[in-house]
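> okay, structure incoming, though there's no sequence with it:
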């Protein structure tokens, strides 16, 4: 059965391709673009093949070098991690398709190859983090991911992006050191690095060392919380996501943050276990910070006038939804959270890509300047509109389904007040997103001809950018209309979280 | 009530690690100079490494080399040390990257003091 090796093949392919890119001597041309895209297509085919295998045969663990569990590094390949890998690769495909034309005016042409090296290393680290079942291995992937994600911001080499990446680097490093301290505490209690073995050991010893485990999880949640931008630790995110090149913003907001959230989900449910987490009070803390994130992220977003900063703050709120689901510690809560991981990845990528192409064509970032822009850029604004409707939670978009599942989960867990939080946040979302859409579509500006004159990039967005945006937007609608495609796979994976 | 000196002496490496962690965090958070922030991060990293290595340490035990035929004696757990070797490499990578970013920031702003950079940025915003 070759299928069981596919996760490793995907990782090796991405890593090998990342190391080959810097050897390129030819200018950035069509040939390289085709090779790059075909690498992603091959990995996508492998991910889908793996998904079919896992759905048929169930989750399995993959040990390296035939060392037994606990000695060697182990990957746990379950339904959700394979689905997440497929989603990561699909979205990466669209973003890279978009980036081919967009990058040339955002970064120095001599750095384009470096940029793609970083992107492939980033994908490698992200997929590694999704699969790994070993906490120290996870730490190594976290460090690779945090360095590459800082580098894809700093590569723009503008004043504000340099400062934003410095801030991100300092915060991110504090985060990963804190995570390592937590891992050290867990290793101290259990003597294992393998998550499955830790889980078995913690069940036996947690009554003896409840404080130690609470402290370890405190360190780990704070560390990953910094990286996932949960409310009081979100400071770096708006600067980093708004000053980055557009493809980087889409990567960071849509995918990278989710990898950390998934790591938290693994730590809470697979390592410590839902019962013990609830017992030592972990889930209560998560719920408090989730609610704070949801409300404060939206409130901050209201006051932003830069379109990319507004989107970045809205990410803070959306991460809050995922944590809300995780904090409920029920089957429905986890599946809603995992569903939102995927649906938000599509929505936020659609929003960032369309905002990026507005900036590409007109150079305008202020939300007030966007009135009437749908006349000149109908495709872009339609995608933007789909994204915003998804964020607000209008039916037929994936955002509606994730709010629906979250609402059901919070009612099921007997906490209807959380439903009110979700509703308030939806109204706030509508408050800060809808004015952009309404003024773009319905307000005709007398001076709209000047928009075209100002542009230096030609009069329309390149076709490759339009296609990739439209496909991401279509993804939002498809998941909204047929949520079961995703939900069935998630429901298969939930038992691996709650045992 | 007498302080339990033994408790402190037996756990001195853990306590030292935690003190270093807090010193490092304090340095990162309060110093406006970016190089000093990087130094603070290094102190934090060192503290975690000290903590991790202490877990495997047993006083008086040998390195885990067992010859064939000999009875196994008490040995130090080698795994934390091996992991920290990886950790040190990662820390060097992060430090090098942070320093190169600081060089770029110095080129762009002419200073590496955070408060001066903030002044420059707010002056630019007002223009």
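Cool, got the structure. Remember, predicted model here, so these are calculated numbers, not experimental data.
> isn't residue A:6 right up against residue A:49?
Yes: with contact defined as Cβ atoms under 8 Å, residue A:6 counts as touching residue A:49 (5.9 Å). Bear in mind the C-beta positions are built from the backbone N, C-alpha and C, glycine included.
> pick out whichever of those two has more residues nearby.
residue A:6 (23 against 15; other Cβ atoms under 10 Å in any protein chain shown).
> and the more buried one, how far from chain B?
Look at residue A:6 and chain B: by Cβ to the nearest Cβ, to the nearest Å, they are 26 Å apart.
> helix/strand/coil for the residue nearest to residue A:140 when sequence neighbours are not counted?
The shortest distance from residue A:140 to any non-neighbouring residue, by Cβ to Cβ, 6 or more residues apart in numbering or on different chains, is to residue B:86 (6.5 Å). For residue B:86, the assignment made with DSSP: H, G, I helix; E, B strand; the rest coil gives helix.
> what about residue B:86, distance to residue A:180?
As for residue B:86, its distance to residue A:180 is 11 Å (criterion: Cβ to Cβ, to the nearest Å).
> higher neighbour count, those two?
Neighbours per residue (other Cβ under 10 Å) separate residue B:86 from residue A:180, with residue A:180 holding more: 29 against 14.
> dump the residue contacts of residue 117.
Looking at chain A here, since you left the chain open. By Cβ atoms under 8 Å, 6 or more residues apart in numbering or on different chains, the contact set of residue A:117 is A:18-19, A:21-22.
> oops, chain B please
A:163, B:105, B:109, B:111.
> in which helix or strand would I find it?
helix B:114-126 (DSSP states H and E).
> give me the buried positions along that helix.
For helix B:114-126, burial by neighbour count (16 or more other Cβ atoms under 10 Å in any protein chain shown) applies to B:114, B:117.
> pLDDT of it, averaged?
The average pLDDT for helix B:114-126 rounds to 84.
> chain center to it: distance?
31 Å (Cα atoms, centre = their mean, to the nearest Å).
> now do the helices in chain B.
Assigned by DSSP state H, chain B shows helices spanning B:5-10, B:12-30, B:34-56, B:78-109, B:114-126.
> for these, which one sits closest to residue A:34?
Comparing these by their distance to residue A:34 (Cβ to Cβ), the top pick is helix B:78-109, with 31.6 Å.
> give the other helices and strands that the closest one contacts.
Judged by 3 or more Cβ pairs under 8 Å, 6 or more residues apart in numbering or on different chains; DSSP states H and E, helix B:78-109 is in contact with helix A:135-154, helix A:159-190, helix B:34-56, helix B:114-126.
> pull out the buried positions in the second one.
For helix A:159-190, the buried set under the neighbour-count rule, 16+ other Cβ under 10 Å, comprises A:159, A:161-190.
> and the gap between residue A:8 and residue A:489?
Shown here: residue A:8 relative to residue A:489, a distance of 21 Å by Cβ to Cβ.
> contacts only, for the closest residue to residue A:24 other than its chain neighbours.
If the residues on either side of it in the chain are set aside, residue A:24 comes closest to residue A:113, at 5.5 Å by Cβ to Cβ, 6+ apart. Residue A:113 makes contacts with A:21-22, A:24, A:28, as judged by Cβ under 8 Å, 6+ apart.
> which of those ranks first by neighbour count?
Busiest of the contacts of residue A:113 [other Cβ under 10 Å] is residue A:21, holding 21 neighbours.
> in which helix or strand does the residue lying closest to that residue once chain neighbours are set aside reside?
Using Cβ to Cβ, 6+ apart and skipping the chain neighbours, the partner closest in space to residue A:21 is residue A:117 (4.6 Å). Element membership for residue A:117, per DSSP H and E: helix A:112-131.
> specify the angle between that helix and helix A:135-154 in degrees.
If you take axes from the mean of the first three to the mean of the last three Cα atoms, to 10 degrees, helix A:112-131 sits at 150 degrees to helix A:135-154.
> averaged pLDDT, helix A:112-131. What do you get?
Mean pLDDT, computed over helix A:112-131, is 91.
> again, but for stretch B:8-18
Mean per-residue pLDDT for stretch B:8-18: 85.
> what comes up buried for it?
Buried residues in stretch B:8-18, defined by neighbour count with 16+ other Cβ under 10 Å: residue B:17.
> how far does it sit from its chain's centre?
For stretch B:8-18, the distance to the chain centre is 16 Å (Cα atoms, centre = their mean).
> out of the helices and strands packed on helix B:78-109, which is closest to residue A:244?
helix A:135-154 (4.2 Å).
> other SSEs contacting the closest one?
When contacts are defined as 3+ Cβ pairs under 8 Å, 6+ apart, helix A:135-154 sits against helix A:112-131, helix A:159-190, helix A:246-251, helix A:257-265, helix B:78-109.
> gap between the strand or helix carrying residue A:54 and the chain center?
Using DSSP H and E, residue A:54 falls within helix A:30-57. The chain centre lies 19 Å from the centre of helix A:30-57; the measure is Cα atoms, centre = their mean.
> give the other helices and strands that that helix contacts.
So helix A:30-57, by 3+ Cβ pairs under 8 Å, 6+ apart, packs with helix A:6-20, helix A:79-106, helix A:484-497.
> show me what counts as buried in the second one.
Applying a neighbour-count criterion of 16+ other Cβ under 10 Å, one finds A:79-103, A:106 buried in helix A:79-106.
> which strands and helices sit next to it?
helix A:6-20, helix A:30-57, helix A:112-131, helix A:246-251, helix A:257-265, helix A:331-362, helix A:463-481, helix A:484-497.
> and residue A:342, which of the helices of chain B is closest to it?
Counting by Cβ to Cβ, and looking across all of the helices of chain B, nearest comes helix B:78-109 at 29.9 Å.
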